[in-house]
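Visitor: Quick one: sequence and predicted model below, then my questions.
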Amino acid sequence: MKNTIDDVVGQHERTDKVMAELVERGVAFHHALGRTVATAYLREHAVPAEVIRRVFSSVQARRPARPARRRWR
């Protein structure tokens, strides 16, 4: 039986919404500003080191970051 898209997405869905937002922002920083800035941001916000390693270990395999929401206007 093959995995459907819903099965794959469900397996990797984060349950902690705050951590999810921090990681998404860190990935966006990585794409825009580089790994050093992104890692510093995640460390500053107490994201566990093993999560940081996992997120940046295979950036090509990751899905693209969500576009940032504009909070100013």
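Guide: Thanks, I have it. This one's a predicted model, so the numbers in the text were calculated from it and none came from an experiment.

Visitor: What average pLDDT does stretch 51-64 get?
Guide: In this model, stretch 51-64 has a mean pLDDT of 73.

Visitor: measure residue 46 to residue 31 for me?
Guide: 22 Å (C-beta to C-beta, to the nearest Å). The way it works is simple: take the backbone N, C-alpha and C, and place the C-beta from them, glycine included.

Visitor: Same drill for the two, tell me which one is more crowded.
Guide: residue 31 (13 against 8; other C-beta atoms under 10 Å).

Visitor: so where do the helices sit in this structure?
Guide: 5-12, 17-33, 35-44, 49-57 (DSSP state H).

Visitor: Quick check: which ranges of the protein have low pLDDT?
Guide: Residue ranges of the chain with pLDDT under 70: 1-15, 58-73.

Visitor: Mind doing that once more with 90?
Guide: For the chain, residues meeting the criterion pLDDT under 90 lie at 1-18, 20, 54-73.

Visitor: Can you verify my assumption that residue 26 contacts residue 41?
Guide: Yes: Residue 26 is within contact range of residue 41, at 5.5 Å (criterion: C-beta atoms under 8 Å).

Visitor: more crowded one of the two?
Guide: residue 26 (25 against 18).

Visitor: Quick check: the gap between the more buried one and residue 18.
Guide: Residue 26 is 13 Å from residue 18, by C-beta to C-beta.

Visitor: again with residue 30
Guide: 19 Å.

Visitor: who's more crowded, those two?
Guide: For residue 30 versus residue 18, neighbours defined as other C-beta under 10 Å are more numerous around residue 30 (21 against 9).
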